[in-house]
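Participant: Task: produce atomic coordinates for the following.
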Amino acid sequence: MDTTGSINAAACDTIENDEGLDEVLDDSEEKELVTDSCSTKVLDITEEPRDRYNVVYFLFYLFGITSLVPWNFLITANDYWMYKFRDTTPKNLTVLEVTKTQFQAEFTSYLNVATAIPNLIFLILNFLYGHLVSVKSRLQGSLVVVTLCFLLTTSLVQVDTDEWQNTFFIITMVTVVVVTAASAIFIGGIVGIASRFSKEYMGAIVSGQSLGGIIAAVAQIISLAFNMSPLHSALIYFAIADIMVISSLISYVLLYKIDFFTYHILRGSGGIASNRHREVSITLILKKVWVYAFSIFAVFGISMCVYPAVTVLVQSHPVTKGTIWNTKFFVPVVNYLIFNCGDYAGRLVAGFLLRPTNQWLIAGASVLRIIGVPMLMLCNAQPRSHLPVIFLWDWEYIIIMIVFAFTNGYLTNIVMINSTRVVDVHEQEKASSVIVTMLSVGLTVGAAVGMLLVRLL
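Facilitator: I've put the predicted structure just below:
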């Protein structure tokens, strides 16, 4: 029996009846695709198209990178923010000790909150009302907003803000809120799309997010290696982010020209559209995935408690004082590059190992990571006035950071992949949205706790 042919005929017949179209396809994106596809070969093929040269897979990787470009590039540009918020009052030349201003010490914590809260709010809004706007419009629109915000951030690099640091801080926070809201819409949409493909494509999104952090860290380290000023370094740094976002916007538009992509968008992951759009019970989905939802909440809540609000304050061992490692490369290399490499390695290993599979073991391992919070707080984070420094040496801090980062990436991929395996095909998209939303809840709670932990040092 030619099942695909029956699907094609039914789809094309449905288009002739607008009311029938609404009954079969409740997603405006799919209505548009079906309408456009009736005169193309997508609805005439008898077997699933191939992802030639893995183009769609690599584009998903790019989208994963882009989804966290705002976070990775804004949080990694620590040297730039420290320069912008430095103490500009005249100093006694005999005073050699340089202390951080309040803005410098707490900027990362404020940045965490400014990204976590709007991220959570707009992920929830996307989950509840996203179906009212086509996926294509949501994702393209969000990428346009991210591009405009980053262009504004880039334009302010060469502007002298020393006399109006408070205003610059407010402008920066507002920009961060807007760009985070747009990114949340993009993440919610692209994860929902990835759930319609095989697990490798979800893995590409998740791994791409971590790879974006590595790219950001490497870009910063290279700019520092060329002894550029913080301003020139940031200008090149943010320009790279602009190029990546614009590339994703162009790529997403072209993605709809690929038969493999439109085939899966129309039919879902292995099933016809009408099957995937059976009535979805949110309560039933929550019953199936609540343990995974808790796990992802724990993973990112625990990570955000200390990274990067506390870890960005960690300094190299006093014996390295005055060296280029201490003054320039320690924070970019250890706090950003090593963390993101560890996180990426964890996600890659989880992609082919997928152990454990028992949801309770995964939840237990997620909670166990809380051990890393006091260990990182007892590293050489400065300034501090309450807690002692136990792990003073660089190698101790690096080992703790690697383990903390690897488990973050490993458990993230385990949860993202396994959570879609415990629900039916037509429930996978909503299940993925639940997991992403709980991830954001973890980020928000962790960011709030992180602000408290900085003051407890």
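
Participant: Could you report the neighbour count for Y237?
Facilitator: Y237 has 23 neighbouring residues, counting by other C-beta atoms under 10 Å. Heads up, the C-betas are built off the backbone N, CA and C, glycines and all.

Participant: Buried ones in stretch 232-245, by neighbour count?
Facilitator: If you call a residue buried by 16 or more other C-beta atoms under 10 Å, then stretch 232-245 has these buried ones: 233-238, 240-242, 244-245.

Participant: Report the contact partners of the spatially most central residue of the chain.
Facilitator: Residue closest to the average C-alpha location in the chain (C-alpha atoms, centre = their mean): L68, at 3.7 Å. Going by C-beta atoms under 8 Å, 6 or more residues apart in numbering, L68 touches 183, 187, 209, 212-213.

Participant: mind redoing it with 10 Å?
Facilitator: Contact analysis of L68 by C-beta atoms under 10 Å, 6 or more residues apart in numbering lists 75, 115, 183, 186-187, 208-213, 216.

Participant: can you name the two of the buried residues of stretch 232-245 that are farthest apart?
Facilitator: Farthest pair in those (C-beta to C-beta) is S233 and V245. Separation: 19.3 Å.

Participant: contacting residues around Y344?
Facilitator: Each residue near Y344 by C-beta under 10 Å, 6+ apart is listed here: 207-214, 405-406, 409.

Participant: Equivalent analysis for M82, please.
Facilitator: 100-101, 103-105, 107, 230, 312, 331 are the contacts of M82 under C-beta under 10 Å, 6+ apart.

Participant: That one and G188: what is the separation?
Facilitator: Here M82 is placed at a distance of 33 Å from G188 (C-beta to C-beta, to the nearest Å).

Participant: Please apply the same query to R355.
Facilitator: Shown here: R355 relative to G188, a distance of 28 Å by C-beta to C-beta.

Participant: can you give me the strands in the stretch 101-250 of the chain?
Facilitator: With DSSP state E, counting those that start in this stretch as the definition, the stretch 101-250 of the chain shows no strands.

Participant: mind checking pLDDT for I370?
Facilitator: Confidence at I370, expressed as pLDDT, is 97.

Participant: can you pull the contacts of it?
Facilitator: Here I370 is in contact with 298, 301-302, 305 (C-beta under 10 Å, 6+ apart).

Participant: Check the average confidence over stretch 257-264, would you?
Facilitator: Averaging pLDDT along stretch 257-264 gives 86.

Participant: Report the buried residues of it.
Facilitator: 258-264.

Participant: What ranges in the stretch 251-400 of the chain fall below the confidence cut-off?
Facilitator: 267-280 (pLDDT under 70).

Participant: what about 80?
Facilitator: 265-281, 354 (pLDDT under 80).

Participant: Tell me where it has helices.
Facilitator: 259-267, 273-276, 282-306, 324, 330, 339-353, 359-368, 372-377, 394-418 (DSSP state H, counting those that start in this stretch).

Participant: Redo these as a markdown table? Include distance to V434.
Facilitator: Rendered in a markdown table, the data for the helices of the stretch 251-400 of the chain read as follows (distance: least, C-beta to C-beta, whole Å):
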| stretch | distance to V434 |
| --- | --- |
| helix 259-267 | 21 |
| helix 273-276 | 17 |
| helix 282-306 | 6 |
| helix 324 | 47 |
| helix 330 | 39 |
| helix 339-353 | 20 |
| helix 359-368 | 14 |
| helix 372-377 | 26 |
| helix 394-418 | 11 |
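
Participant: S198: which of the ones you listed is closest?
Facilitator: helix 259-267 (9.1 Å).

Participant: returning to that earlier point: the residue nearest to the centre of the chain and M244, how far apart?
Facilitator: L68 sits 11 Å away from M244, going by C-beta to C-beta.

Participant: And A363, by the same measure?
Facilitator: Going from A363 to M244 by C-beta to C-beta gives 35 Å.

Participant: picking that back up, just curious, which of the contacts of Y344 is nearest to V144?
Facilitator: For the contacts of Y344, the nearest to V144 is G212 (19.0 Å; C-beta to C-beta).

Participant: Name the nearest residue to that closest one, ignoring sequence neighbours.
Facilitator: With sequence-adjacent residues excluded and distances taken as C-beta to C-beta, 6 or more residues apart in numbering, G212 is closest to I65, at 3.8 Å.

Participant: cool, L143 as well?
Facilitator: L249 (4.2 Å).

Participant: isn't the one you found right up against F150?
Facilitator: No - L249 lies out of contact with F150 (C-beta atoms under 10 Å); the separation is 11.7 Å.

Participant: more crowded one of the two?
Facilitator: A count of neighbours by other C-beta under 10 Å puts F150 above the other of L249 and F150, at 24 against 17.

Participant: Among the contacts of M82, name the ones in helices.
Facilitator: 103-105, 107, 230 (DSSP state H).

Participant: Tell me which two of the residues you listed sit farthest apart.
Facilitator: Farthest pair in those (C-beta to C-beta) is A105 and P230. Separation: 17.4 Å.

Participant: What's the separation between the residue nearest to G212 and G141?
Facilitator: Taken as C-beta to C-beta, the span from I65 to G141 is 19 Å.

Participant: Of the two, which one has the most company?
Facilitator: Set I65 next to G141 and count neighbours by other C-beta under 10 Å: I65 wins out with 26 against 15.
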